[in-house]
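Trainee: Here is my input; please provide its structure:
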Amino acid sequence: MYLQQERLIRTEEKPDHHLFHHILNLLKELIATPSFSGEESFTATLIQCFLQNKGVETHRNLHNIWAFNRFYDPAKPTILLNSHHDTVKPNIQYTNNPFHPTIIGDKLYGLGSNDAGGCLVALLAAFVHFYERRDLAYNLCFAATAEEETSGKNGLKLVLPQLGRLDFAIVGEPTLMNLAVAERGLMVLDCVATGKAGHAARGEGDNAIYKALKDIQWFSNFTFPNVSSSLGPVNMSVTMINAGSQHNVVPGSCSFTVDVRLTDVYTTDEILQIVRENINSQVTPREFYLKPSAIDQGHPIVHAGIMAGCNTYGSPTTSDQAVLNIPSVKLGPGDSARSHMADEYIYISEIHQGIKVYIQILETLIFTLINKI
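Mentor: Here you go, the predicted structure:
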């Protein structure tokens, strides 16, 4: 009874205002510091210095920073708290300076404010909140990682082996604090339709564009019969096409690219087989792909999220969940619809709420496990 009462009291507490002030300043500094994928050295240093100034021992590999709670116990399970500090390049339609953090009312504007700076600093605040606690039933590992936007090899994938045993994870991405319990994967197909070049005036050759159009039409119309209960159908979109050298030459080759959003009901090999059986173009999958993910609805972290008021859903976008081989949820302040947009922003109140919900979820997990022991 005492533990239950203590948990209820703690989860009603508001985020520490002093800590929030520092967290918000950190986010402003991150916005002001360019950190395109592969070029995150300076933002990594900002995050590392912030943690060290809070008395936290840090670890670093290239542009990835991670830390464990002070009283880390290898005998306990570990929760990974992960988000990324790299950004895409600014949209050409920006009307303000993307590297100048600007607060107007409740909005904080700047590149990376929403994707995923707000999530990163909110997770960092939750980590610091628990850092000195001796009564944690779980270890906490906070990891601020690089190259998420490009699915690069020097981000979370690089440092995972150095983080030790991890049991499950919260991946910080803007979800409006809804709990993504499943996430689509990604496979990219490069396709080539082959014809025969000829002179357009004499109607010679075999036009590769017309051959490609038949296959493109198939991609537009085909529906995979099996549908995921959490992610819906597999989606395929032709996103690039290239053919021809000049106006009077019938093209002998036409290439096009297909973006395939994967679900948990087909393997990549199964999708490739279906595609190849239905089109005439040569199909080559790119070497990298992002696997889909889903977590058991009975997992304790899902229950903890629901108790904190989070709605569950299947996410159409990809994240670093794709490189994890442990159960994970995607959750964070901000809105995915604002990611990569011009004049990107996040509401400051969303960051407040994010910290509160992260803390509440972690408190629920800690005391649920303690009560079961």
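
Trainee: Okay, now the unreliable bits of the stretch 251-373 of the chain?
Mentor: For the stretch 251-373 of the chain, the stretches flagged by pLDDT under 70 are 368-373.

Trainee: give the contact list for the nearest residue to Asp167 once chain neighbours are set aside.
Mentor: Once flanking residues are discounted, Asp167 sits nearest to Pro77: 4.0 Å by CB to CB, 6 or more residues apart in numbering. No exception for glycine: its C-beta is placed from N, CA and C like everyone else's. Listed by CB atoms under 8 Å, 6 or more residues apart in numbering, the contact partners of Pro77 are Tyr138, Asn139, Arg165, Asp167.

Trainee: same thing with Val275?
Mentor: Under the contact definition (CB under 8 Å, 6+ apart), the residues listed for Val275 are Leu189, Val283.

Trainee: my read is it is in a strand, agree?
Mentor: No. Val275: not assigned to a strand; according to DSSP: H, G, I helix; E, B strand; the rest coil it is helix.

Trainee: ok so, going back, closest to Ser41 among the contacts of Pro77?
Mentor: Asn139 (27.9 Å; CB to CB).

Trainee: tally of neighbours for Pro161?
Mentor: Residues within reach of Pro161, counting by other CB atoms under 10 Å, total 7.

Trainee: Quick check on Leu272: phi, psi?
Mentor: phi -60, psi -40 (degrees, to the nearest 10).

Trainee: That one and Ile301: what is the separation?
Mentor: 33 Å (CB to CB, to the nearest Å).

Trainee: Not counting sequence-adjacent ones, nearest residue to Asn226?
Mentor: Excluding the flanking residues, the one nearest Asn226 by CB to CB, 6+ apart is Val265, at 4.5 Å.

Trainee: Distance of that neighbour relative to Ser229?
Mentor: According to CB to CB, Val265 stands 9 Å off from Ser229.

Trainee: still on that earlier bit, need the max-distance pair from the contacts of Pro77.
Mentor: Maximum distance among these (CB to CB): 11.5 Å, for Tyr138 and Arg165.

Trainee: who's more crowded, these two?
Mentor: Remark: of Tyr138 and Arg165, Tyr138 carries more neighbours, 18 against 11, as counted by other CB under 10 Å.

Trainee: For the more buried one, give me its contacts.
Mentor: Lys76, Pro77, Thr78, Ile79, Asp167, Leu362, Leu365, Ile366, Leu369.

Trainee: So for it, what pLDDT did the model give?
Mentor: Among the per-residue scores, Tyr138 shows a pLDDT of 94.

Trainee: Relative to Gly105, how far out is it?
Mentor: 38 Å.

Trainee: Helices of the stretch 51-200 of the chain, residue ranges please.
Mentor: 118-131, 156-159 (DSSP state H, counting those that start in this stretch).

Trainee: Check which element follows the helix or strand harbouring Ile346 along the chain.
Mentor: According to DSSP states H and E, Ile346 maps onto strand 345-347. For strand 345-347, the following helix or strand on the C-terminal side (DSSP H and E) is helix 348-372.

Trainee: Run through the neighbouring helices and strands of that next one.
Mentor: With contacts taken as 3 or more CB pairs under 8 Å, 6 or more residues apart in numbering; DSSP states H and E, helix 348-372 sits against helix 2-11, helix 17-32, strand 78-84, helix 118-131, helix 300-307.

Trainee: tell me the phi and psi of Val283?
Mentor: Torsion angles, degrees, to the nearest 10, at Val283: phi -120, psi 130.

Trainee: Counting neighbours, what do you get for it?
Mentor: Around Val283 there are 15 residues (other CB under 10 Å).

Trainee: Check the one 3 residues further on too.
Mentor: Neighbour count for Arg286, taken as other CB under 10 Å: 11.

Trainee: List the contacts of it.
Mentor: Met187, Val188, Leu189, Asp190.

Trainee: can you check Gly354 too?
Mentor: Contacts of Gly354 (CB under 8 Å, 6+ apart): Gly118, Cys119, Ala122, Met177, Gly332, Pro333.

Trainee: so can I have CSV of those residues showing neighbour count?
Mentor: As requested, the contacts of Gly354 are exported to CSV (neighbours: other CB atoms under 10 Å):
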residue, neighbour count
Gly118, 30
Cys119, 31
Ala122, 34
Met177, 23
Gly332, 32
Pro333, 31
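
Trainee: For His85, state which of those residues is nearest.
Mentor: Using CB to CB, those come closest to His85 at Cys119, 10.2 Å.

Trainee: unless I'm mixing things up, the closest one is touching Pro333, no?
Mentor: Yes. Cys119 lies in contact with Pro333 (CB atoms under 8 Å); the separation is 6.2 Å.
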